[in-house]
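1. Provide a 3D model corresponding to the input given below.
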Amino acid sequence: MKKWIHVLIPVLSVFLSACGQSGPRKAVYIIIDGVPADMVERLELPAIQEIASEGAYGRSYVGGTVGRYDETPTISAVGYTDLLTSTWLNKHNVPGNDNLSPNYNYPTLFRLAKDQKREVKTAIFSSWTDNRTVLIGEGKPETGKVCIDYVYDGYDLDRESFPDREYDLRIFDIDEHVSECAAQCIREQAPDLSWVYLWYTDDAGHLFGNGERFDEYVRLADRQVARVWEAVKYRREKFGEDWMVIVTTDHGRTVDGHSHGGQSERERVTWVATNKPVNGRMKSGRSAITDIAPSMCRFLGFGIPVDVEREQDGTSFYGRSDIMDMEVHPYDSTVTLTWTCLERNVAVRVFAAVTNDFKSGGRDEWIEVGEALSQDESFSVDLTSLPESDFYKFVAETPDGSLNRWLQR
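-> Presented below is the predicted three-dimensional model:
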């Protein structure tokens, strides 16, 4: 992985073998907490390398946009929620790890799964119960009482089975158990959508900072990933299922490795490894953690309501992608929208709304303001054609996705 920065790692023979699967589609994502991209690339981790050899590895980012309305702390539960909802803090309302009140009007990946017309079995393998009960909001009226089918969590509260150890190594013991449970459940039950969460790497960073001890526990986390990966390969071989595997992290770290939460480059720069081919979004090196849920939804064939898709801040890196990185440039009574064209020239329909009722559970009135071609990479909106407002939401839609940006004047 010495040259993994912003590159892909295709291995044609393995890729063709993996992509030959035609059975039911399944997906699992694994979060290894608090591991910056430069560590993954330097350590050349065998399981992550093997997964990426079937698809791709790329650098990504967390933290929203520095200095803009969507700037987001690089903190653990925040990153999980960025991924779950494909939105940043200004929408999902999870600013830290404690005393959380998520805005459930922005549905999680697991709620979208349960809203499908077909049955979708889900699973979570995690130390923190809050990942399920608070971030996903299992059983809450605000989430439609979403239910997770296979639950393996809450081990951080079990002091009998996982007693205290020096350097908080009880958390490492929990990660071992979590990865074993995930591997066994995938082998035997094969949930359609699973989340595996590995915690101790973040503790190791906080305790030891950069160095051999932190490196050691990142390598051990890779072995835990390998357990899950071996279970996936077993399902593919034994049952012909088609699996998407995504391995990522929730945030990077400060230069010394001890901390995170801010907007320094090393805290913001993360990474994604997947066994599936990717489009120009990941190839650009500017993919975000918010891209993971749309990518899994596309792979699994989930239908997403238009109003929800228009609020998602991510862009699928799986399948076709037409445009990315939309920005708004106001000047007097005109706003110019710009974007980057990726793979083909297609129609881009532009919509605007002057309300944000979605945030409180309502619906916004979207006004179609015009159309451009993706290769134009820009479109100008005359604000006098819209209701007078100090706030605007803009959406650019193509046949394969949408981008959104806010303008607050």
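
2. Can you report how many residues lie near residue 306?
-> Applying other C-beta atoms under 10 Å, we find 11 residues neighbouring residue 306. For every residue, glycine as well, the C-beta is placed using N, CA and C.

3. What does the pLDDT read for it?
-> pLDDT, residue 306: 97.

4. Ok, residue 275 next?
-> pLDDT at residue 275 comes out at 98.

5. Over to the one 10 residues further on?
-> Reading off the confidence values, residue 285 has pLDDT 90.

6. How about the one 5 residues further on?
-> At residue 290, the predicted lDDT confidence score is 98.

7. Could you check how many residues crowd around the closest residue to it other than its chain neighbours?
-> Of all residues not flanking residue 290 in the chain, residue 314 sits nearest, at 3.3 Å (C-beta to C-beta, 6 or more residues apart in numbering). For residue 314, the count of nearby residues is 24 (other C-beta under 10 Å).

8. same question, residue 101
-> By other C-beta under 10 Å, neighbour count at residue 101 equals 9.

9. go on, the one 5 residues further on?
-> When neighbours are counted by other C-beta under 10 Å, residue 106 registers 21.

10. mind listing what residue 187 touches?
-> 231, 234-235 (C-beta atoms under 8 Å, 6 or more residues apart in numbering).

11. repeat that with 6 Å
-> Contacts for residue 187 (C-beta atoms under 6 Å, 6 or more residues apart in numbering) come out as 231, 234.

12. Assign it to helix, strand or coil.
-> Classification of residue 187 by DSSP: H, G, I helix; E, B strand; the rest coil places it in helix.

13. isn't the residue nearest to residue 290 right up against residue 86?
-> Yes - between residue 314 and residue 86 there is a contact at 4.1 Å, judged by C-beta atoms under 6 Å.

14. did I read that right, the residue nearest to residue 290 in a helix?
-> No - counting by three-state DSSP, residue 314 is not found in a helix; it is coil.

15. Now do the same contact list for it.
-> With C-beta under 6 Å, 6+ apart, residue 314 has these contacts: 86, 290-291, 294.

16. ditto for residue 369
-> 350, 352, 381.

17. and with 8 Å instead?
-> Per C-beta under 8 Å, 6+ apart, neighbours of residue 369: 350-352, 381, 385-386.

18. these two touch, right, residue 23 and residue 242?
-> Yes - the pair residue 23 / residue 242 is scored as a contact, 5.7 Å apart, by C-beta atoms under 8 Å.

19. what about these two, which has more around it?
-> Between residue 23 and residue 242, residue 242 has the larger neighbour count (other C-beta under 10 Å), namely 19 against 12.

20. That one and residue 299: what is the separation?
-> Counting by C-beta to C-beta, to the nearest Å, the gap between residue 242 and residue 299 amounts to 9 Å.

21. swap in residue 375?
-> For residue 375, the distance to residue 299 - C-beta to C-beta - is 27 Å.

22. Pick out whichever of the two has more residues nearby.
-> Of the pair residue 375 and residue 299, residue 299 is the one with more neighbours under other C-beta under 10 Å, namely 20 against 12.

23. so that one sits in a helix?
-> Yes - counting by three-state DSSP, residue 299 is located in a helix.

24. Leaving out sequence neighbours, find the closest residue to it.
-> Closest to residue 299 by C-beta to C-beta, 6+ apart is residue 244, at 4.6 Å.

25. That neighbour contacts residue 276, correct?
-> Yes - contact status for residue 244 versus residue 276: in contact at 5.2 Å, counting by C-beta under 8 Å.

26. Need the residues touching each of these two.
-> Shared contacts of residue 244 and residue 276 (C-beta under 8 Å, 6+ apart): 299, 318.

27. Which parts of this structure are helices?
-> Counting by DSSP state H, the chain has helices at residues 12-19, 37-43, 46-53, 76-85, 89-92, 109-114, 130, 170-188, 200-208, 212-239, 265-268, 280-283, 292-300, 306-309.

28. Have a look at this structure and report the helix or strand with the lowest mean pLDDT.
-> Scoring the helices and strands of the chain by mean pLDDT, DSSP states H and E places helix 12-19 at the bottom, with a mean of 41.

29. CA-only coordinates of stretch 262-278 in PDB, if you can.
-> The C-alpha trace of stretch 262-278 is given here as PDB (Å, rounded to 0.1, in the frame of the first residue of the first chain):
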ATOM      1  CA  GLY A 262     -10.700  19.500  15.000                       C
ATOM      2  CA  GLN A 263     -10.300  20.400  11.400                       C
ATOM      3  CA  SER A 264      -6.600  19.700  10.800                       C
ATOM      4  CA  GLU A 265      -5.800  17.800   7.600                       C
ATOM      5  CA  ARG A 266      -4.800  14.600   9.500                       C
ATOM      6  CA  GLU A 267      -8.000  14.700  11.600                       C
ATOM      7  CA  ARG A 268     -10.200  15.200   8.400                       C
ATOM      8  CA  VAL A 269      -8.500  12.800   6.000                       C
ATOM      9  CA  THR A 270      -9.800   9.200   6.200                       C
ATOM     10  CA  TRP A 271     -10.100   6.200   3.900                       C
ATOM     11  CA  VAL A 272     -12.400   3.600   2.400                       C
ATOM     12  CA  ALA A 273     -11.600   0.100   1.200                       C
ATOM     13  CA  THR A 274     -14.200  -1.900  -0.700                       C
ATOM     14  CA  ASN A 275     -14.300  -5.100  -2.700                       C
ATOM     15  CA  LYS A 276     -16.500  -3.500  -5.400                       C
ATOM     16  CA  PRO A 277     -15.500  -1.400  -8.400                       C
ATOM     17  CA  VAL A 278     -15.900   2.300  -7.900                       C
END
